[in-house]
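In: could you look at this predicted model? Sequence included:
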Amino acid sequence: MSRWTDLTGNASGADYAARFAALARSGKDMHGEARFCAALVPVGARVLDAGCGTGRVMIRLAELGYDCVGVDLDASMLAVARKQAPGLPWFQLDLADFEPARLGIAAGFDLVVAAGNIFPLLAPGTETTVVKHLSAALSPGGLLVAGFGLDEAHLPVPPSLTLSEYDDCCAASGLTLVDHFATWDADPYDGGGYVVSVHRR
C-alpha cells in the first residue's frame with residue numbers, strides 16, 4: 001500500500017482541491033511546476049503527469065498547448081481533475097504498474113513530471129520500479145522531472161528517500177542527471193530539504 005493511501009485513505013480529493021483554490025485566491029502563484037516544465041520542452045510536446053492528483057499542473061500545461069496525459073492512484077483526486085477538465089485523458093493506475101500499452105496510449109513522452117512529493121509517497125520499495133516504468137515511457141532524450149521533499153519540514157510523512165537514492169534509481173534505469181534545483185523557480189540546489197531533479201533518457 002502506498003504511503004499516500006495510508007495518509008489519506010484515497011479520499012482527500014475535494015479537500016486537496018479546496019486548499020489549493022484558497023491559495024490561488026490569496027494570490028499565491030499556482031503554476032510554478034507548469035512554468036518549469038514549459039521551459040524544458042516546446043509547445044506541443046507530449047507530457048505525462050505521473051501522480052497528477054487533481055490535475056492542477058496538467059491542466060495548466062494543456063492550456064499552454066502541451067499534449068498531456070494524467071495518471072494517478074487516487075480516485076477522489078481524479079474525480080476533481082475530470083470535473084475540472086473533462087476533455088483531458090485521466091487514468092487511474094498505480095505508478096508501479098504503469099505501462100502506456102496497458103492504458104491504450106503510446107509511449108514516447110517528451111517529458112514526465114512527478115510533482116507533489118510523488119516519490120516519497122509511493123509504496124515502500126517501489127521507487128526503482130516506478131522510475132523504470134516512467135523512464136521506459138520517455139522518448140530518447142526525454143526528461144523526467146521530479147520535485148519532492150527530503151526532510152520532515154517538506155513532507156507529510158517521515159522521510160523515506162534520499163536524493164542520492166533517487167539519483168541511483170534514475171541511473172539504474174539509464175537516466176542521466178541534468179541538474180538539481182531547490183525550487184520550481186529553478187533556484188540552484190543548496191543541499192536543502194526540497195529538490196527538483198531533472199534527468200534525461
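Out: Happy to help now that I have it.
In: identify each buried residue in the lengthiest strand in the chain, please.
Out: Ranked by residue count under DSSP state E, the longest strand found in the chain is strand 138-149. Under the neighbour-count criterion of 16 or more other Cβ atoms under 10 Å, strand 138-149 has Leu138, Gly142, Leu143, Leu144, Val145, Ala146, Gly147, Phe148, Gly149 buried. Yep, even glycine has a C-beta here, placed from its N, CA and C like the rest.
In: pLDDT of it, averaged?
Out: When pLDDT is averaged over strand 138-149, the result is 98.
In: what's it packed up against?
Out: helix 32-38, strand 109-114, helix 127-136, helix 163-172, strand 194-200 (3 or more Cβ pairs under 8 Å, 6 or more residues apart in numbering; DSSP states H and E).
In: quick one: contacts of the next helix-or-strand element following the first one?
Out: Beyond helix 32-38 in the direction of the C-terminus, DSSP states H and E gives the next helix or strand as strand 46-50. Strand 46-50 is touched from outside by 37, 41, 55, 57-58, 61, 66-71, 95, 98, 108-115, 118, 130, 134, 137, 139, with contacts defined as Cβ atoms under 8 Å, 6 or more residues apart in numbering.
In: what sits against the residue nearest the centre of the chain?
Out: Computing the C-alpha centroid of the chain and ranking residues by Cα atoms, centre = their mean puts Ala114 first, at 1.5 Å. If you count contacts by Cβ under 8 Å, 6+ apart, Ala114 has them with Ala50, Gly51, Leu134, Leu144, Val145, Ala146, Gly147, Phe148.
In: contacting residues around the fourth one?
Out: Neighbouring residues of Leu144 by Cβ under 8 Å, 6+ apart: 111-112, 114, 131, 134-135, 138, 170, 175, 197-201.
In: distance-wise, check it relative to Ala79.
Out: Taking Cβ to Cβ, to the nearest Å as the measure, Leu144 falls 27 Å from Ala79.
In: the nearest residue to Thr162 once chain neighbours are set aside - how many residues pack around it?
Out: Using Cβ to Cβ, 6 or more residues apart in numbering and skipping the chain neighbours, the partner closest in space to Thr162 is Leu150 (6.8 Å). The local packing of Leu150 (other Cβ atoms under 10 Å) involves 19 other residues.
In: flag the shaky bits of the protein, pLDDT-wise.
Out: The chain contains residues with pLDDT under 70 at 1-30.
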